[in-house]
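Trainee: generate coordinates for the sequence data below:
(chains A and B)
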Amino acid sequence: MFNRKRLWATLPLAAALSLSACSSGGGNSSSPAPGESAGSSPSASESASPSASGNSAGAVTITVLNEGAVGVGVGKLDDLLGEKKKSLLKDETQTPRVKESDFSRTPGQPIHPGVFPYFYQEIIRDKLKSKNITVKTEDWGWGEPLIQKETAGFLAKNIPDIIVGETQMPGFALQGLLEPFPDDMAAEIRETIAPAAWKPMEVDGKIYGFASQPGVNSLFWNKKLVKEAGLDPDKAPASWDELLANIQKVTEAGKGKFYGGGVYAGPNAGGYLRYGPLLVINNGGFADASGNPAFNSDANVKTVEFLRSLNKNHPPGLMVNPQEGPYFDAFKKQQTAYIIDGPWRASESANLGIEYGMSPIPLSEGGAAGNITIGAAFHAVPKDAKNKEAAFEYIRAMYSDEIQTLIADTGVRSPVKKAIAESADYQAKHPEMYLHYQAMNGNVQGLPTFKKEDSKVWQTFGEAVAKAIMTNGDIKGILDEAQAKAESILK
Amino acid sequence: MASNAIRSARPKPKPKLKPAHLFGHAVLLLVGLVLLYPLIFMIMAGFFTKQEFLGSVIKLFPIPKEPTLENFRALVQGTTDAAVTTYLRNSLFRTVYSTAWAILTSFLGGYVFARLRFKGKDQLFLLLLATQMIPTTIAIIPTYLEFARFPFMGGNDVFTGGKGILDTWWVYLIGGPAINVMGTFLVKQSLEKVPFELDEAAKMDGAGTFRVLFQILFPLQLPIMAFIAITTALGTWNDFITPFFYTNSDALQTLPSAITRLSSALASPGAVVNYPLIITLSLGITIPAMIIFFFFQKYIVQGLANTGIKG
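Mentor: Residues are numbered from 1 along each chain as shown, chains lettered A, B, ... in the order given. You can find the predicted model right below:
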């Protein structure tokens, strides 16, 4: 009887094994069998050994996480580029359609934006191939799923050689999970690259990450609506006072059909990234020099007063809507005239047929140029990466002249290499993107990561700002309360 | 007798529609439309090109000026960017495998807890039930570590050194389905209502345990098995966590995880997102699940009724 029971107990296991044996061959002929990695090259943890990757002696395969803007697929770059070219030529949704001739390029000449990822990865592949390094890309998603997967990867010590991310990256650096850039490389970056590309990833004098084409916020406006308000659509407002006056005029002219707008200030990262530059410009900010919350400074109180004035020039509730989508939709639908946003607002507006103006964010009285990086895909080398030297070569390629010239030629983002962005040729060919480059200099910060309960501290501030904007309550009192709450969380 | 025949042949009078009924039906119709709206929107969005959708996304009922079947073609045939047919095949394989596994393990597990007597049975069953208290999201990182430390697999020297079973089919074969606790519980409840005499009578007629299990008891559990199959199939079909977190390779992705990856481009700086394709692929996930539910929903009720846990 006992043996029979044991027999029944082993039945599910036997069934599972037999099913698994069937499935390995049937499901997908291109898929690996159980026990094998699905990719054609080893995983992050295997890539340490050149022999494991099947390369010749000294050759290394590095695993790199994809960033959407330069992604060409998942796998080895050598295999992906041909496929990407075919798919681009077939892609009917590209406007204008990508032609064979778009794949031959002369540096310094404009290119079809659709082929940008292809050329980007081609340059990376060629530069690293010359150093006997092969690149394999992986896609771990973006936003919250990416953060969770990276956290799990750090814990399991199964992490790619290059990871990518946005707001989580300074936090990883603070926790000691990333490898600092070698001193010579850091010195070169400091000297030749705009601060927005590396400054937010600087911790205790060391650089831990780099973004080849970061975004910062600029002011955009709908020329048609501004003109309808009797304003000069080609003239950028020079100060906060002028900006507010213009916005009020547009709201009056709109008579409820369209509004002046301004900036999204919802209680979430989308809001902090957009109104953060106003805090920085007005000599305030989210945190002090030691990384502690500094919510209730006099400068911040004045900035929130300004935000409250802007709120009156929006459809009710829009400016602090917890969902950021409707705010940007309103600009796209030409219901609001002014908006502070990242550089993609330019190409999106052009796609939608909106005639737009663009300028650096105007300064407050006594304020100084400053900004918050937005849409910056910081690349970093984890402490547990198996091929650190090769990974740093990848980052060197990201700020090479070839890649930075390509970014300049595409015209959707501005390059970060001073020699290219500050050249007379670039300023003449891309005057608006040059404005964006200018905004990347000066006091450019990332969103800080607080030492404890980061999301709770942010929530405290976000909700306080939303409350101050939506009510007529005492702004100083509301921010004082938020500061006290944040301090108690951090105790 | 004759009058009875006449009475039965007489057409039944049509029920009169009272205003209250009409109002009730109108309300139900309206609620139905509201519930169906996301599906209608998804179908309409599927006919858009990427560019046109960008300008129309906020309209309540977006109607394309230049309709295209490109997205539906991509759903069926795949695109060069996204190997949809591979994702679809993987989804189907996972669903069939996990459903078969769930039926087998639930039945055998339920049998063990309902029929066999051994020390610590109740405690073991309670322990099994307790695992249901742990939310899936909390278990993601421990599970990731468990897979990464899987002994002697993926380059591991016992527990470390490699990647364990991460990014392999083993994630789906042994990690994904695991034990269906709910199924085990339902089968146990149901089998406890089947008299022992049935097993004994069969054994007296010469049936072995295998025959008792699969020829006597299993047919009696078919409604429960149908319920377990439907819920497991729906859960696996829609599951994005397992493929997304524990595999990386494109060849191992299923439809939900592939869509999550595509959608992640929404937040990825600078990328131009093909919303209509993502929405159409999501439709591809939704429709099979709806069909399964539509045709087999009566088994869900029947299955639960058999276990005595329906109210």
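Trainee: contacts, neighbours, all on C-alpha from now
Mentor: Fine.
Trainee: for chain B, give me its nearest residue in the stretch 301-450 of chain A.
Mentor: Proximity of the stretch 301-450 of chain A to chain B (Cα to the nearest Cα) peaks at A:Gly375, 4.7 Å away.
Trainee: ok, that residue to A:Ile62 distance?
Mentor: Separation of A:Gly375 from A:Ile62 (Cα to Cα, to the nearest Å): 25 Å.
Trainee: which of those two has more residues huddled nearby?
Mentor: A:Ile62 (31 against 23; other Cα atoms under 10 Å in any protein chain shown).
Trainee: what sits against the more buried one?
Mentor: Residues counted as contacts of A:Ile62 (Cα atoms under 8 Å, 6 or more residues apart in numbering or on different chains) are A:Ala44, A:Ser47, A:Ile133, A:Thr134, A:Val135, A:Lys136, A:Pro160, A:Asp161, A:Ile162, A:Asn387, A:Ala390, A:Ala391.
Trainee: in the sheet, who's paired with it?
Mentor: A:Val135 (DSSP bridges).
Trainee: for chain B, see how far away it is.
Mentor: In this view, A:Ile62 and chain B are 15 Å apart by Cα to the nearest Cα, to the nearest Å.
Trainee: go on, A:Lys127?
Mentor: 24 Å.
Trainee: list buried residues within the contacts of A:Ile62.
Mentor: A:Ala44, A:Ser47, A:Ile133, A:Thr134, A:Val135, A:Lys136, A:Pro160, A:Asp161, A:Ile162, A:Asn387, A:Ala390, A:Ala391 (16 or more other Cα atoms under 10 Å in any protein chain shown).
Trainee: before we move on, the earlier item: isn't the residue of the stretch 301-450 of chain A closest to chain B up against A:Glu166?
Mentor: Yes. If you go by Cα atoms under 8 Å, A:Gly375 and A:Glu166 touch, sitting 7.1 Å apart.
Trainee: pLDDT below threshold where in the chain?
Mentor: Reading this off chain A. A:1-57, A:92-95 (pLDDT under 70).
Trainee: oops, chain B please
Mentor: B:1-12, B:15, B:51, B:54-59, B:77-82, B:175-178, B:263-273, B:303-304, B:306-311.
Trainee: which residues of the stretch 101-250 of chain B lie near chain A?
Mentor: By Cα under 8 Å from any Cα of the partner chain, the residues of the stretch 101-250 of chain B that approach chain A are B:101, B:104-105, B:108, B:141, B:144-145, B:148-149, B:153-155, B:161-163, B:165, B:167-170, B:173-174, B:244-245, B:248-250.
Trainee: how many residues are close by A:Asp184?
Mentor: The burial count for A:Asp184: 9, using other Cα under 10 Å.
Trainee: kindly report the same for the one 10 residues further on.
Mentor: If you count neighbours by other Cα under 10 Å, A:Ala194 ends up with 23.
Trainee: again with the one 5 residues further on
Mentor: A count of neighbours around A:Lys199, defined by other Cα under 10 Å, yields 23.
Trainee: how long is stretch A:252-259 from one end to the other?
Mentor: End-to-end distance (Cα to Cα), stretch A:252-259: 8 Å.
Trainee: list the buried residues for it?
Mentor: Residues A:Glu252, A:Ala253, A:Gly254, A:Phe258, A:Tyr259 are the ones in stretch A:252-259 that count as buried (16+ other Cα under 10 Å).
Trainee: also stretch A:447-463?
Mentor: Result for stretch A:447-463 [16+ other Cα under 10 Å]: buried residues A:Leu447, A:Pro448, A:Thr449, A:Phe450, A:Val457, A:Trp458, A:Gln459, A:Thr460, A:Phe461, A:Gly462, A:Glu463.
Trainee: between those residues, which sits nearest B:Val212?
Mentor: A:Gln459 (60.3 Å; Cα to Cα).
Trainee: quick check, the closest one in a helix?
Mentor: Yes. Applying DSSP: H, G, I helix; E, B strand; the rest coil, one finds A:Gln459 inside a helix.
Trainee: which residue, other than its chain neighbours, is closest to it?
Mentor: Distances taken as Cα to Cα, 6 or more residues apart in numbering or on different chains place A:Pro267 nearest to A:Gln459, at 6.7 Å, with adjacent residues excluded.
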